[in-house]
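Asks: Sequence first, predicted model second:
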Amino acid sequence: MTLSSRAGGLSASDWLAELEPLVGTLLERHLAWSQEWFPHQYVPWSQGRDFDGPLEGDPWEAGQSSLSPSARSALVLNLLTEDNLPGYHWALSTRISRSGAWAEWINRWTAEEDRHSTALRAYLHATRAVDPVALERARLAQVATGYEPGHDGLLQNLVYVTVQELATRVSHRNAGRHSGEENCERLLTRIAQDENLHMVFYRDLLAAALTIDADAVVQALRDCVAAFQMPGHRMPGFRRMAWDVALAGVYDLRVHHDDVLAPLLRSLDVWTVQGLGPAGEQARDGLARELERTNARARAFEGVREQLSAKEHAIHLQPTR
């Protein structure tokens with residue numbers, strides 16, 4: 001397929017029309033690559049038992065799970081992010097056509113994403129990993145808050161969702177490894193595989209957009225990297241949980257730089273793309289500065305974490321009286 005180049009900026013409707021044939025092709029590829037899986041097969045139901053309430057079971061207690069506080073924060077953070085799927089679907093569907101390949105993709109993407117929260121919540125309930133009452137209250141608050149993207153254009157949303165899908169894949173993968181539980185890691189690895197295929201779809205669509213209007217894409221990338229926030233940043237307790245997760249190294253600025261931004265920009269050939277105009281070259285320079293800024297902030301955070309770790313170690317070494 002040859003995508004036509006077009007001078008000047010493209011409107012949202014232009015981008016929709018220009019990219020729709022490729023959306024159909026990528027959707028067919030996605031369906032061929034996707035592997036069917038079932039959330040119920042990843043939940044250790046045998047570990048579950050009734051909770052207190054109408055069934056008069058056992059109330060939840062923190063000691064019923066061996067998960068560390070940081071692992072619990074990572075799992076709740078990931079789950080509440082997935083819970084806000086209605087908002088994400090609305091944000092994307094209102095910016096595309098309600099028919100054709102775009103609509104088919106968004107509906108398929110939504111259906112696949114929906115099983116992530118289903119599987120995660122069932123796992124947390126069966127294993128009594130977190131307080132189910134607090135979790136449900138947080139879910140209600142999160143979904144009631146809704147989701148409003150910080151960008152309006154189709155291209156800006158495409159850039160954001162490409163970065164976000166990769167960040168979510170890495171977050172799920174790392175949370176599973178950090179959990180120290182085989183069943184948890186297996187489930188989150190499976191979810192991360194979905195997220196990877198979603199990222200590949202958006203990344204390849206973005207790569208095609210670069211051949212149409214490289215200046216606009218590089219500018220959108222610069223703006224996204226400079227202002228990027230995870231989609232769940234408005235959830236209850238986000239700052240505390242994000243801090244716990246960062247201190248544990250599950251997802252911090254180093255991970256964001258090394259495992260998300262740097263490889264994504266490299267795979268898109270942003271640093272070597274030819275034919276940029278003055279605005280595009282300026283945006284690429286700005287993008288390089290933003291990447292270095294993130295790298296510097298990552299180094300600073302690593303220093304803080306080392307200091308906190310040393311202080312905690314010293315406290316443990318003090319003799320008890």
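Replies: All right, it came through fine.

Asks: Is the closest residue in space to Asp213 that isn't next to it in sequence in a helix, a strand, or coil?
Replies: Among residues not flanking Asp213 along the chain, Leu10 sits closest, at 5.8 Å (Cβ to Cβ, 6 or more residues apart in numbering). To be clear about C-beta, it is placed using only N, CA and C from the backbone, and glycine gets the same treatment. In three-state terms, and counting by DSSP: H, G, I helix; E, B strand; the rest coil, Leu10 is coil.

Asks: His178 is in contact with Val250, correct?
Replies: Yes. Between Val250 and His178 there is a contact under Cβ atoms under 8 Å: 5.0 Å.

Asks: For these two, list the residues in contact with both.
Replies: Shared contacts of Val250 and His178 (Cβ atoms under 8 Å, 6 or more residues apart in numbering): Ser70, Ala74.

Asks: Between the two, which is the more surrounded one?
Replies: Val250 (27 against 22; other Cβ atoms under 10 Å).

Asks: Make sure I have this right: that one is in a helix.
Replies: No. Assignment of Val250 by three-state DSSP gives coil, placing it outside any helix.

Asks: who's in contact with it?
Replies: Here Val250 is in contact with Ser70, Ala74, Ser171, Asn174, Ala175, His178 (Cβ under 8 Å, 6+ apart).

Asks: wait, doesn't the fourth one sit right on Tyr251?
Replies: This means Asn174. Yes. Using Cβ under 8 Å, Asn174 is in contact with Tyr251, at 6.1 Å.

Asks: and for these two, which residues touch both?
Replies: Ala74.

Asks: of these two, who's got more company?
Replies: Using other Cβ under 10 Å as the criterion, Asn174 and Tyr251 rank with Tyr251 on top: 26 against 22.

Asks: Quick check: which element contains the closest residue to that one other than its chain neighbours?
Replies: Computed as Cβ to Cβ, 6+ apart, the closest residue to Tyr251 that is not its neighbour in sequence is Ser171, at 4.8 Å. Following DSSP states H and E, one finds Ser171 within helix 154-179.

Asks: Show me what that helix is packed up against.
Replies: Here helix 154-179 touches helix 12-33, helix 69-83, helix 85-93, helix 182-212, helix 214-227, helix 262-267, going by 3 or more Cβ pairs under 8 Å, 6 or more residues apart in numbering; DSSP states H and E.

Asks: Contact partners for Leu75?
Replies: Leu67, Leu120, Leu124, Ala129, Val130, Ala175, Ser179, Cys184.
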